[in-house]
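Enquirer: any chance you could fold what I've pasted below:
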Amino acid sequence: MQRLAIFGGTFDPVHWGHLLVAQTALEQVPLEQVIWVPSQNPPHKQAALFEHRVEMVQRATTDNPGFRVSHVEKSRSGASYAINTLIDLSADYPNTHWYWIVGLDTFQTLPRWYRGQELAQLCDWLIAPRLPGGENIAQTESICKQVAQKLTKQTVDIHWQLLNIPLVGLSSSLIRNFCRSRQSIRYLVPESVRLYINSQNLYING
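Expert: This is a model prediction of the structure:
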């Protein structure tokens, strides 16, 4: 049985922090591949056009054979829900033990996700700690255990582990702010992504 991880998100834009998380997951589990899944219609966010975000992820990951970019969300008409993504990918990748890569803040909301109780049991969870200035590892583990306990009370079994990554103070919102204020984003994103953002004038307005 192959081991694959889903790394979903808006990736608006993708940056070195995302790549570090994905590479850590690839080696720590270890995994055959990390499947990047840009969200078509994030339920709680406004984002750049799907085509732009997919292209940036494609450019950022193209030289890593352990990464694959999925367009499974391309034809999604409604909101992008994680359970639907997993169901669709399971049809494309049978005989797979699934993992899901999330940040700590996102993992904390799992009990409130659409069909979250069902999803929690269908894959193992790989959790990226918060950015610098957040909780230490002991506190992070405590938060994860609290989430697991909430789900256990709902008769849901969940398997999770923390990713051992160096904490990098990067976020997509920071990069968008830099773009709006005409500051350089060199070394915050892969060079191919930076050139694409500049060529398409992304994030300049709003």
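
Enquirer: list the buried residues in the worst-scoring helix or strand of the chain on mean pLDDT.
Expert: Lowest by mean pLDDT, DSSP states H and E among the helices and strands of the chain is helix 137-153, with a mean of 89. For helix 137-153, burial by neighbour count (16 or more other C-beta atoms under 10 Å) applies to 140-141, 143-144, 147-148, 151. Heads up, the C-betas are built off the backbone N, CA and C, glycines and all.

Enquirer: what about the helices in this protein?
Expert: 16-28, 50-61, 82-92, 104-108, 116-122, 137-153, 172-180, 191-200 (DSSP state H).

Enquirer: hmm, back to that, nearest to R115, of the buried residues of helix 137-153?
Expert: Nearest to R115 among these is L151, at 12.7 Å by C-beta to C-beta.

Enquirer: is that closest one in contact with A120, as I believe?
Expert: Yes. In this structure L151 lies within contact range of A120 using C-beta atoms under 8 Å: 5.4 Å.

Enquirer: find residues that contact each of these two.
Expert: Counting by C-beta atoms under 8 Å, 6 or more residues apart in numbering, the contacts common to L151 and A120 are 110, 157-158.

Enquirer: how about JSON lines for the helices of the chain, with distance to R68 added?
Expert: Formatted as JSON lines, the helices of the chain follow (distance: least, C-beta to C-beta, whole Å):
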{"stretch": "helix 16-28", "distance to R68": "11"}
{"stretch": "helix 50-61", "distance to R68": "8"}
{"stretch": "helix 82-92", "distance to R68": "11"}
{"stretch": "helix 104-108", "distance to R68": "21"}
{"stretch": "helix 116-122", "distance to R68": "20"}
{"stretch": "helix 137-153", "distance to R68": "27"}
{"stretch": "helix 172-180", "distance to R68": "21"}
{"stretch": "helix 191-200", "distance to R68": "17"}
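
Enquirer: what is the neighbour count of D124?
Expert: 16 (other C-beta atoms under 10 Å).

Enquirer: how far away is it from R130?
Expert: Separation of D124 from R130 (C-beta to C-beta, to the nearest Å): 20 Å.

Enquirer: mean pLDDT lowest for which of the helices of the chain?
Expert: Of all the helices of the chain, helix 137-153 carries the lowest average pLDDT, namely a mean of 89.

Enquirer: contacts for stretch 76-92, please.
Expert: Counting by C-beta under 8 Å, 6+ apart, 6, 8, 35, 37, 39-43, 70, 72-73, 96, 98, 100, 113-116, 118-119, 122-123 sit against stretch 76-92.

Enquirer: and these, which are buried?
Expert: 6, 8, 35, 37, 39-40, 42, 70, 72-73, 96, 98, 100, 113, 116, 119, 123.

Enquirer: so which of those are in strands?
Expert: Among the buried ones among the contacts of stretch 76-92, the members found in strands (DSSP state E) are 6, 8, 35, 37, 96, 98, 100.

Enquirer: for these, work out which two are farthest apart.
Expert: Most distant of these, by C-beta to C-beta, are G8 and T96, 15.7 Å apart.

Enquirer: which residues touch Y187?
Expert: Residues near Y187 by C-beta under 8 Å, 6+ apart: W16.
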